[in-house]
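S.K.: Just need the structure, nothing else, for what follows:
(chains A and B)
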Amino acid sequence: GENVEQHPSTLSVQEGDSAVIKCTYSDSASNYFPWYKQELGKRPQLIIDIRSNVGEKKDQRIAVTLNKTAKHFSLHITETQPEDSAVYFCAARHGGSQGNLIFGKGTKLSVKP
Amino acid sequence: GAGVSQSPSNKVTEKGKDVELRCDPISGHTALYWYRQRLGQGLEFLIYFQGNSAPDKSGLPSDRFSAERTGESVSTLTIQRTQQEDSAVYLCASSLVRDQPQHFGDGTRLSIL
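M.R.: Numbers count the residues shown, from 1 in each chain, chains lettered A, B, ... in the order given. The predicted structure follows:
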């Protein structure tokens, strides 16, 4: 079946450093790639998303890049802060606009003050 | 409402019992999704509803799982004859239409003794 691989599973950075999380997907028809942040015991919150017609999207300290040829996309967080600590999930919509989201297994990000 | 609302927030039940979980989507959202999140894992798609169309049940793990939704209102997920492996957080999400960002509820933490 369709698959989304996410790396690393855990990531620890010092406050102020950058963090990068990478995902690869298997379905070349995938056209939508959201990223969710989930704090402990809380609901997943959409932080940024990108569609397949663009290669990069930025929102303040957060950016996402997409390489359709290689079928991978990445989340970049700059100037990390302790409140960025959470589990981050990538997802890809397989099968085009009417498909379902397939989620990665998550990356636990810890930002040390 | 202001966001996706789920109830109960926690449910503890004995193996073999039936459980019913409820989701109230954001007003005006025609698309509704159920996911399962096992401890430390990503989100696993279960079922999708779009208005009055036939639901996409492709993610339901067994015939013990079923869900209903009338029009664009509340949805219920029912698990019959619960097993210990059903223990997980069950998350509901809604979106304006299928191709739009999904917004999640806080989930129901289900524990099977």
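S.K.: what does chain A put close to chain B?
M.R.: A:6, A:32, A:34, A:36, A:42-46, A:49, A:89, A:91, A:97-98, A:100-106 (CB under 8 Å from any CB of the partner chain). For the C-beta atoms, the positions are set from N, CA and C on the backbone; glycine is no exception.
S.K.: again, 7 Å this time
M.R.: A:34, A:43-44, A:46, A:49, A:89, A:97-98, A:100-101, A:103-106 (CB under 7 Å from any CB of the partner chain).
S.K.: just checking, which of the residues you listed belong to helices?
M.R.: Per DSSP state H, helices hold no members of those.
S.K.: how far away is residue B:34 from chain A?
M.R.: 11 Å (CB to the nearest CB, to the nearest Å).
S.K.: now do residue B:67
M.R.: Taking CB to the nearest CB, one finds residue B:67 at 14 Å from chain A.
S.K.: one step back: can you pick the most crowded of the residues of chain A next to chain B?
M.R.: residue A:44 (30 neighbours; other CB atoms under 10 Å in any protein chain shown).
S.K.: Name the nearest residue to it, sequence neighbours excluded.
M.R.: residue A:36 (3.9 Å; CB to CB, 6 or more residues apart in numbering or on different chains).
S.K.: in which helix or strand would I find the residue most central in space within chain B?
M.R.: The residue lying closest to the centre of chain B (CA atoms, centre = their mean) is residue B:34, at 3.3 Å. Element membership of residue B:34 [criterion: DSSP states H and E] is strand B:31-37.
S.K.: What of residue B:72?
M.R.: Applying DSSP H and E, one finds residue B:72 in no helix or strand.
S.K.: what's around it, how many residues?
M.R.: Neighbour number of residue B:72 under other CB under 10 Å is 18.
S.K.: residues touching it, list them.
M.R.: Residues in contact with residue B:72 (CB atoms under 7 Å, 6 or more residues apart in numbering or on different chains) are B:30, B:51.
S.K.: Look up how far residue B:53 lies from it.
M.R.: Distance from residue B:72 to residue B:53, counting by CB to CB, to the nearest Å: 11 Å.
S.K.: How about residue B:102?
M.R.: From residue B:102 to residue B:53 the distance is 17 Å (CB to CB).
S.K.: now swap in residue B:91 and tell me
M.R.: Residue B:91 is 22 Å from residue B:53, by CB to CB.
S.K.: One more: residue A:4?
M.R.: 26 Å.
S.K.: Output the contacting helices and strands for the helix or strand hosting residue A:109.
M.R.: Assessed by DSSP H and E, residue A:109 sits inside strand A:107-112. Counting contacts by 3 or more CB pairs under 7 Å, 6 or more residues apart in numbering or on different chains; DSSP states H and E, strand A:107-112 packs against strand A:10-14, strand A:86-93.
S.K.: got the contact list for that strand?
M.R.: So strand A:107-112 is in contact with A:6, A:8-15, A:19, A:21, A:80-82, A:84-88, going by CB under 7 Å, 6+ apart.
S.K.: Equivalent analysis for stretch B:100-112, please.
M.R.: A:34, A:43-44, A:46, A:49, A:101, B:3-6, B:8-13, B:15, B:19, B:21, B:23, B:26, B:33, B:82-84, B:86-95.
S.K.: I'd like the mean pLDDT over it, please.
M.R.: The average of the pLDDT scores along stretch B:100-112 is 95.
S.K.: Output it in PDB, but only the C-alpha positions, please.
M.R.: Provided in PDB are the C-alpha atoms of stretch B:100-112 (Å, rounded to 0.1, in the frame of the first residue of the first chain):
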ATOM      1  CA  GLN B 100      -9.100  21.400   2.100                       C
ATOM      2  CA  PRO B 101      -7.100  21.300   5.400                       C
ATOM      3  CA  GLN B 102      -8.300  19.000   8.100                       C
ATOM      4  CA  HIS B 103      -8.900  20.200  11.600                       C
ATOM      5  CA  PHE B 104      -8.800  17.700  14.500                       C
ATOM      6  CA  GLY B 105     -10.700  17.300  17.700                       C
ATOM      7  CA  ASP B 106      -9.000  16.400  21.000                       C
ATOM      8  CA  GLY B 107      -9.800  12.700  20.500                       C
ATOM      9  CA  THR B 108     -11.200  10.000  22.700                       C
ATOM     10  CA  ARG B 109      -8.700   7.900  24.700                       C
ATOM     11  CA  LEU B 110     -10.100   4.400  24.700                       C
ATOM     12  CA  SER B 111      -8.700   1.800  27.100                       C
ATOM     13  CA  ILE B 112      -9.800  -1.800  27.000                       C
END
